[in-house]
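Trainee: Here is the input, now give the coordinates:
(one chain, ligands or ions: 2)
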Amino acid sequence: MSGFNIKVTDVRGDAPEAPDAGGGGQAPAADETSAGKISINASDLVEDRYHRLRLIKWWDQQLLADTTVVVAGAGALGNESLKNLALLGVGRLIVCDMDGIETSNLTRSVLFRQGDVGRQKADVASERAMEINPDVKAIPIEGDLRFSLGLGVIRRSAVVLGCLDNIAARVYLARHAYRMGKASIDAGLDTVNGDVYTFTPPEGPCYECRLKEADRKEFRRRQSCLKMSRSEIDLGGKVPTAPTTASIASGLQSQIAVRAIHGLRIPTGRRLGLYGMSDVFFDITLEKDPDCPTCGWMECLAEREVFESELSAEANTLGDLLGVIRAQLGSEEAYLSLEDDREVIVGLTCVCGARRDLVALAGDLSEDDALCEACEETEPMKPDVRSQFDGSEGFNDKTLAELGLPPLHIVKGADPDGNEVLVEFTGDLEKFFG
Ligand SMILES: [Zn+2]
Ligand SMILES: [Zn+2]
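Mentor: Ligands and ions are numbered 1, 2, ... in the order given. From the prediction side, this is the model:
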């Protein structure tokens, strides 16, 4: 539709010149106000919910309505970002959190009420986001995002927001985003300081690049091991902080996300934030580490073809999946490879020689679950971990969900000649997104 132009006088006065967002290209600067006029389409005169947003020159409300965003973590930061994205009319929000609401969350969580204590954060945050804006569909994922967020969900999302309280979850989220080649914007809080890390994989550094070797070693050890206790995962979310800092960090995070959705340039490989005791904003360029376990070694799958199978994590088995992989690769020797993704514990062995067969995800089985019943040994049994399955393990009747694979996940099949296929559990699409 051809619009007609209306001159609007800038009532805010001269805005300071917008600095470049870094890395070249065109920043969506405060240009409409500094130019003193904006251009309005006839549809912009309709005073609906989104009227003031549509007046922003580069804004595309329909694009936002058609967009999915993953918000990992529904604590102080997640509450703020979900509130922002719901107000902005982002059509689909994937809300991941494994925890319940505690009374101490109520000082920093705009979406939670006293009566919500004891309920799941992901559930309540989703309900409230849809209450703020009924145009929004929020989908809760209750569980550990390392295991419960399917890569196919990220594949269908424009951007991934990290609103987490521990480094372990951040690393896994960053890996998921890296593997799907999605921009990830990770916010963090510490007392009155707040910051946002921005990454646009596969270019530039990733979140894991900044970790020290000792931290990486600990992750590698933990990845093939039993579950970390809450006290081992940083401070288990008990970081001293305030809602004011969460608003600032999430506000910045949400605004960068909206620009990313519009295809506008966003800072990449940067740490932006506020020193809250001196009101100084900082902007730090991050370095790529060639030895980084994620971006230095893992493959970004964004450009690879994905086979959209009819498989569903709940309804189909490992045998079904191997059938699809073998048909796709034309090889009866093809197997499922979960390398770079997750490891499965297929048994526990005690020093006394006793063995217990089971299927559980490495990193998701607690030490208490791994105590020997045959002897008095107080150390947990040693997990037998594997990441490749060819059907000889005796698990062909186990569902994909029982093997710890989430709905809409994407897995890799391979054959001995080195051919590979990426298989998505696309049978979950309808049920997951509705
Ligand atoms: Zn990296
Ligand atoms: Zn024993």
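Trainee: Measure how buried Asp291 is and give me the count.
Mentor: Burial of Asp291, expressed as a neighbour count using other C-beta atoms under 10 Å, amounts to 9. C-beta: built from backbone N, CA, C; applies to glycine.
Trainee: Can you pull the residues of this protein lying near ligand 1?
Mentor: Contact residues of the chain with respect to ligand 1, defined by C-beta under 5 Å from the ion, are listed as Cys206, Glu208, Cys209, Cys292, Thr294, Cys295.
Trainee: Inside strands: which ones of the residues you listed?
Mentor: The subset of the residues of the chain next to ligand 1 located in strands under the criterion DSSP state E is empty.
Trainee: most surrounded residue in those?
Mentor: The most neighbours, when those are compared by other C-beta under 10 Å, belong to Cys206, which has 30 neighbours.
Trainee: List the residues that contact that one.
Mentor: Cys206 makes contact with Ala174, Arg175, Tyr178, Phe199, Lys288, Cys292, Thr294, Cys295, according to C-beta atoms under 8 Å, 6 or more residues apart in numbering.
Trainee: export the residues of the chain next to ligand 1 to JSON lines and tack on distance to ligand 2?
Mentor: Converted to JSON lines, the residues of the chain next to ligand 1 look like this (distance: C-beta to the ion, whole Å):
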{"residue": "Cys206", "distance to ligand 2": "41"}
{"residue": "Glu208", "distance to ligand 2": "37"}
{"residue": "Cys209", "distance to ligand 2": "42"}
{"residue": "Cys292", "distance to ligand 2": "39"}
{"residue": "Thr294", "distance to ligand 2": "37"}
{"residue": "Cys295", "distance to ligand 2": "42"}
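Trainee: from the residues you listed, which is closest to Ile284?
Mentor: Cys209 (12.8 Å; C-beta to C-beta).
Trainee: Would you agree the closest one is in contact with Cys292?
Mentor: Yes: applying C-beta atoms under 8 Å, one finds Cys209 in contact with Cys292, separated by 4.5 Å.
Trainee: ok, and the closest non-adjacent residue to Asp341?
Mentor: By the measure of C-beta to C-beta, 6 or more residues apart in numbering, the closest residue to Asp341 outside its immediate chain neighbours is Val411, 7.1 Å from it.
Trainee: So which residues of the stretch 1-150 of the chain form helices?
Mentor: 31-34, 51-54, 61-65, 76-87, 121-132, 145-148 (DSSP state H, counting those that start in this stretch).
Trainee: Comparing these, which stretch has the densest surroundings?
Mentor: Per-residue neighbour counts averaged over each of the helices of the stretch 1-150 of the chain give the maximum for helix 76-87, namely a mean of 26 (mean count of other C-beta atoms under 10 Å).
Trainee: contacting residues around it?
Mentor: Residues outside helix 76-87 that contact it (C-beta under 8 Å, 6+ apart) are 69, 71-72, 74, 93, 95, 97, 105, 108-112, 121, 125, 128-130, 132-133, 136, 138, 161, 163-164, 187-189, 241, 243, 246-247, 249-251, 253-254, 257.
Trainee: Need the buried ones from these selected in PyMOL.
Mentor: Only the buried members of these enter the following PyMOL selection, criterion being 16 or more other C-beta atoms under 10 Å:
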select buried, resi 69+71+72+74+93+95+97+105+108+109+110+111+112+121+125+128+129+132+133+136+138+161+163+164+187+188+189+241+243+246+247+249+250+251+253+254+257
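Trainee: Next step: the contacts of helix 76-87 restricted to strands.
Mentor: In strands, defined here by DSSP E, the members of these are Val69, Val71, Ala72, Leu93, Val95, Asp97, Ala138, Leu161, Ala187, Gly188, Leu189.
Trainee: from those, which is closest to ligand 2?
Mentor: Each of the ones in strands among the contacts of helix 76-87 was scored against ligand 2 by C-beta to the ion, and Asp97 proved nearest at 36.4 Å.
Trainee: near ligand 2, which residues of this protein?
Mentor: That would be Cys350, Cys352, Ala354, Cys372, Ala374, Cys375, Glu377, which are the residues of the chain within reach of ligand 2 (C-beta under 5 Å from the ion).
Trainee: Need the phi and psi values for the third one.
Mentor: So that's Ala354. phi -70, psi 150 (degrees, to the nearest 10).
Trainee: Grab the nearest non-local neighbour of it.
Mentor: Ala374 (3.8 Å).
Trainee: Over to the fourth one?
Mentor: In space, not counting the residues next to it along the chain, Cys372 is nearest to Cys350; the distance is 3.9 Å by C-beta to C-beta, 6+ apart.
Trainee: Let me know how buried the one you found is, in neighbour terms.
Mentor: 19.
Trainee: List the contacts of stretch 267-279.
Mentor: For stretch 267-279, the surrounding residues in contact (C-beta under 8 Å, 6+ apart) are 21-23, 191-200, 203-205, 244-245, 248-249, 252, 256, 280-288.
Trainee: Tell me how far stretch 179-197 lies from the chain's centre.
Mentor: Its chain's C-alpha centre lies 11 Å from the corresponding centre of stretch 179-197 when counted by C-alpha atoms, centre = their mean, to the nearest Å.
Trainee: so how far is the first residue of it from its last?
Mentor: With C-alpha to C-alpha, to the nearest Å as the measure, stretch 179-197 spans 18 Å from end to end.
Trainee: mind checking how far the nearest residue to Glu332 once chain neighbours are set aside is from ligand 1?
Mentor: Of all residues not flanking Glu332 in the chain, Arg326 sits nearest, at 5.7 Å (C-beta to C-beta, 6+ apart). Note on Arg326: its distance to ligand 1, by C-beta to the ion, to the nearest Å, is 34 Å.
Trainee: Thanks a lot, catch you later.
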